[in-house]
Structures are given as C-alpha cells and as structure tokens.
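Trainee: fold the following and give me the result.
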Amino acid sequence: MQESELKAFIKENSPLIYEYINAEILKDIGVMSSSFFERLIDEYFSKEEKRVCTDNLTADTFGYYLITEILGESRQAFPFFRKDTLCLDNIFKEAKVYFNHVRFTIEKDTFNIYLVQTKAGVSSLDEEIIKYSKQFPIKTSGIKEFIVNYSFK
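Mentor: Next up is the predicted model:
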C-alpha cells in the first residue's frame, strides 16, 4: 500500500482503526489512549526515514508498524507506559520481572515485545539483558471486516 493510500484510509477510518488496534492488536497486551494514537499517527507520517522496513505494510498491519516505528526505536522507559499513553499492564503482570525499558520489533511475521534491563538501571551491567519477551503473530487480515462491522454500531 502506498503511503498516500494509507494516509487516506487512516483519515477516513481513524476512530475505527484506533478501536481495532486496542481490540485486536493490543488485546492481550494492554490499551492505547486515543490522544496517544493521534500523536503516533502524526509522528509516523512526519518522519522522513522509516527505520522499520515497510515492504509488508498494509492497512491490516499498520498498527504493528506504527507502534514499532515510533516506540521501538526509542526503547521507552518503564514510566512512559501509563493510561494516558500505552498501558501495558497485561504484559507487566505476566512478566513479573524487574526491567527499565520496553522495546518493540517486527521480525518476519511476528510482533515482539521485550522488557529490557539496561545499564542505566543497574550500573554494574556491561550490556542490556532481555528479562522477558513475548511474540505475537501479526494479523494480516481483518481490519476491513472490523471497520464494516463496527461502523454501524
């Protein structure tokens, strides 16, 4: 999907894409706030060079790419994840480990979340340690059906 087509699709369906991301992509992970979703969209389309390869980018996979492109590269610190941004309580409850950063990646057909301990959190560390990771298969279909089903509610 070309970026101009994607922008038009998002503009037309933004509220439902937000709902889809929370209901399907983040279902077992957490919840994104609507204002944070809008901020991510603005950052994504204003970014000149994308870090994550967009060869497989479609309307269905956009949510994964959005999170990975904007949040994955910055390795967000633990306090960043709260109700007014992206709450990851389901992952944090499941992991039950000490960490200080969260990293998101896309590898082949999986969306990956890593809870990482860095040197900033423990000065005796020589390198970062992945304390917990979880992989989710990327859903490559379903958003258009979701939009059709929920646009009439």
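
Trainee: least confident secondary structure element in the chain?
Mentor: Averaged element by element with mean pLDDT, DSSP states H and E, the chain has its least confident helix or strand at strand 76-77 (a mean of 66).

Trainee: so which bits of stretch 144-153 are buried?
Mentor: Judged by neighbour count (16 or more other CB atoms under 10 Å), stretch 144-153 contains these buried residues: Phe146, Ile147. In short, each C-beta sits where N, CA and C put it, glycine included.

Trainee: what comes into contact with that stretch?
Mentor: The list of residues contacting stretch 144-153 from outside it, by CB atoms under 8 Å, 6 or more residues apart in numbering, reads Asn13, Leu16, Ile17, Glu19, Tyr20, Ala23, Glu24, Ala59, Asp60.

Trainee: report the rounded mean pLDDT for that stretch.
Mentor: Here stretch 144-153 scores 83 as its mean pLDDT.

Trainee: and if you look at stretch 94-106?
Mentor: Averaging the model's pLDDT scores along stretch 94-106 yields 88.

Trainee: that stretch: which residues count as buried?
Mentor: Using 16+ other CB under 10 Å as the burial criterion, the residues of stretch 94-106 that qualify are Ala95, Phe99, Asn100, His101, Val102, Arg103, Phe104, Thr105, Ile106.

Trainee: note down every partner strand of the helix or strand that the least confident helix or strand of the chain is followed by and its orientation.
Mentor: Tracing the chain C-terminally past strand 76-77 and defining elements by DSSP states H and E, one meets strand 86-87 next. Here the strand partners of strand 86-87, with direction, are listed using DSSP bridges: strand 31-32 (antiparallel).

Trainee: what stretches of the protein score poorly on pLDDT?
Mentor: Counting by pLDDT under 70, the chain contains low-confidence ranges at 73-79, 120-125, 152-153.

Trainee: can you give me the strands in it?
Mentor: For the chain, the strands defined by DSSP state E cover 31-32, 76-77, 86-87, 101-107, 110-117, 129-137.

Trainee: from Arg51, how far out is Asp126?
Mentor: Per CB to CB, to the nearest Å, Asp126 is found 25 Å from Arg51.

Trainee: show me which of these two is the more surrounded one.
Mentor: Regarding Asp126 and Arg51, a neighbour count based on other CB atoms under 10 Å identifies Arg51 as having more, with 11 against 6.
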